[in-house]
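Engineer: Have a look; sequence and predicted model below, questions after that.
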Amino acid sequence: MIRGSPTGAALDARLRGELERFRQDGIYKRLNYLDSPQGARVVMEGRGDVIILSSNNYLGLAYQSEVVAAGKAALDRFGAGTASVRFICGTFTVHRELEAACARLVGTESSLSFVSAWNANEAVPGTLLTEHDLVISDQLNHASIIDGIRLAKAITKCQTAVYKHADLADLGARLAAAGDRQVKLVVTDGVFSMEGSIAPLPDLLEVCRRHDAVLVVDDSHATGVLGATGRGTAEHFGLEGQVPIITSTLGKALGGAAGGFVAASAAVCDYLTQRARTQLFSNALPPTVAASALASIEYLEAHPERVTALREKARYFREGLLSLGFHPLPGETPIIPVILGETAAAIRMSDLLLDAGVFVTGFGFPVVPQDQARVRCQVSADHTRDDLDFALAAFARVGRTLRLI
């Protein structure tokens, strides 16, 4: 029996030391195992019935019967996987149907699916830009955007910059100083995942038009959430069809399985099909996942009341936290962060809430800035009023225990 490689001894020793430091500092992340579908309530191994307040299952579609049935039918029709990349071994028809639905949902001419939204965010700058171009990122953008831009800089030698969070003056100044760049790409989250805040889309579009820049919006936490019918940030502001490039995920509100997409003009999507390395060298989405995501979009289109219910429940829970004496970050999305400061404090509160039957995750550095650790609550359309009241009662007890309220 192999008990460890001598060549890895130094690395293992270093990592064990780091892991022990994580435990001592109270920032070690523990995995909790679920033995039921993802929903408003789950069965957690060793704990039994627990209310989930940390899931991206915003519309409660992860175990919706139509969504599950579509995945099962695709398994029988197409099999377990694609076995290779799309241009080598063929593209399943369900991927074409899914991409048409994604484009229809967010209001673009075309779309292209990826095995993850992370891959989609890597593909856009790394494929579309050259050494003559510039990409500018909001300071609080998701890690996938940050890493995608880093990769683009290494591959294409494009210029990169970061503008202060939602600061239109700073963005405008940086674009004005980049007059020699052939293409200027501005990238922002639609909803900032750790803040729950919404990007100032009308102003961003105006700044980009003024400086002949292309706006890219990652709508991962907005698709299925914002707008009267869940079509995202553009619908929220009445600007459907005006965002040049949208990236988003199939792994949150749209069934929660996996995958992502880029939605844009037919030329952009075709060029990504031809040249995006995360498309050319990676298997396509499993057909079961593609079919489930397609069914989620069709369900959303037929049931916009889910979006209304989500909005109302998020408002109820936010107001409940305020009435208890907590100070969640202001906003109108189902992401409701309660700032605690130190990472250890956020993890401690998360642990005590889990003991009380509520699963809500504590986040600290490097996921959020130093001294901005928080517990991030995420409400689902699937939560009942009883679920939310139970969670609020747990927050009250834990808040008093920790002398937060």
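Structural biologist: Here it is on my side, so go on.
Engineer: in which helix or strand would I find T188?
Structural biologist: Here T188, judged by DSSP states H and E, is contained in strand 184-189.
Engineer: I meant R16, not that one.
Structural biologist: With DSSP H and E as criterion, R16 is part of helix 9-25.
Engineer: same check, this time on R348
Structural biologist: helix 343-355.
Engineer: which helices and strands sit right next to that helix?
Structural biologist: strand 361-363, strand 373-378, helix 385-401 (3 or more Cβ pairs under 8 Å, 6 or more residues apart in numbering; DSSP states H and E). Just so you know, the C-beta spots here come from the backbone N, C-alpha and C atoms, and that holds for glycine as well.
Engineer: where does the spatially closest residue to H236 that is not a sequence neighbour sit relative to K29, distance-wise?
Structural biologist: Once flanking residues are discounted, H236 sits nearest to L226: 4.0 Å by Cβ to Cβ, 6 or more residues apart in numbering. To K29, L226 is 29 Å away according to Cβ to Cβ, to the nearest Å.
Engineer: quick one, which of those two is more surrounded?
Structural biologist: For L226 and K29, the more surrounded residue by other Cβ atoms under 10 Å is L226, and the numbers stand at 27 against 11.
Engineer: Cross-check the contact I'm expecting between that one and G232.
Structural biologist: Yes - with contact defined as Cβ atoms under 8 Å, L226 counts as touching G232 (5.5 Å).
Engineer: what touches both of these two?
Structural biologist: Residues touching both L226 and G232 by Cβ atoms under 8 Å, 6 or more residues apart in numbering: G190, D219.
Engineer: Now stretch 378-389: average pLDDT?
Structural biologist: What stretch 378-389 shows for mean pLDDT is 97.
Engineer: Stretch 64-74 too?
Structural biologist: The average pLDDT within stretch 64-74 is 97.
Engineer: before we move on, what about stretch 141-159?
Structural biologist: Average pLDDT, stretch 141-159: 96.
Engineer: Other residues contacting it?
Structural biologist: 117-118, 121-126, 129-135, 137, 160, 178, 181, 187-189, 192-193, 218, 220.
Engineer: What's the biggest helix in this structure, counting residues?
Structural biologist: Longest helix of the chain, by residue count under DSSP state H: helix 305-324.
Engineer: tell me the angle of that helix relative to helix 385-401?
Structural biologist: Put simply, helix 305-324 runs at 30 degrees to helix 385-401, going by axes from the mean of the first three to the mean of the last three Cα atoms, to 10 degrees.
Engineer: Now do the buried residues in the following helix or strand past helix 305-324.
Structural biologist: As assigned by DSSP H and E, the chain's next helix or strand after helix 305-324 is strand 335-341. Neighbour-count burial for strand 335-341, counted by 16 or more other Cβ atoms under 10 Å, picks out I335, I336, P337, V338, I339, L340.
Engineer: And strand 335-341, what does it pack against?
Structural biologist: With contacts defined as 3+ Cβ pairs under 8 Å, 6+ apart, the packing partners of strand 335-341 are helix 305-324, strand 373-378.
Engineer: buried stuff in the first one?
Structural biologist: If I follow you right, that is helix 305-324. Buried, per 16+ other Cβ under 10 Å, within helix 305-324: R306, V307, A309, L310, R311, K313, A314, F317, R318, G320, L321.
Engineer: now stretch 124-139
Structural biologist: Using 16+ other Cβ under 10 Å as the test for burial, stretch 124-139 gives V124, P125, G126, T127, L128, L129, D133, L134, V135, I136, S137, D138.
Engineer: hang on, the earlier thing: buried residues in the helix holding R348?
Structural biologist: Along helix 343-355, these residues count as buried under the neighbour rule (16+ other Cβ under 10 Å): T343, A344, A345, A346, I347, R348, M349, S350, L352, L353, L354.
Engineer: can you give me the angle it makes with strand 335-341?
Structural biologist: 130 degrees.
Engineer: mind listing what's buried in the strand holding T188?
Structural biologist: For strand 184-189, burial by neighbour count (16+ other Cβ under 10 Å) applies to K184, L185, V186, V187, T188, D189.
Engineer: how near is F317 to C377?
Structural biologist: Counting by Cβ to Cβ, the gap from F317 to C377 is 7 Å.
Engineer: what do these two both touch?
Structural biologist: Common contacts of F317 and C377 (Cβ under 8 Å, 6+ apart): I336, A391.
Engineer: picking up where we left off before, tell me which strands and helices the strand holding T188 is in contact with?
Structural biologist: Applying 3+ Cβ pairs under 8 Å, 6+ apart, one finds that strand 184-189 makes contact with helix 117-128, strand 134-138, helix 143-156, helix 168-176, helix 201-210, strand 214-218.
Engineer: Perfect, I'm done here.
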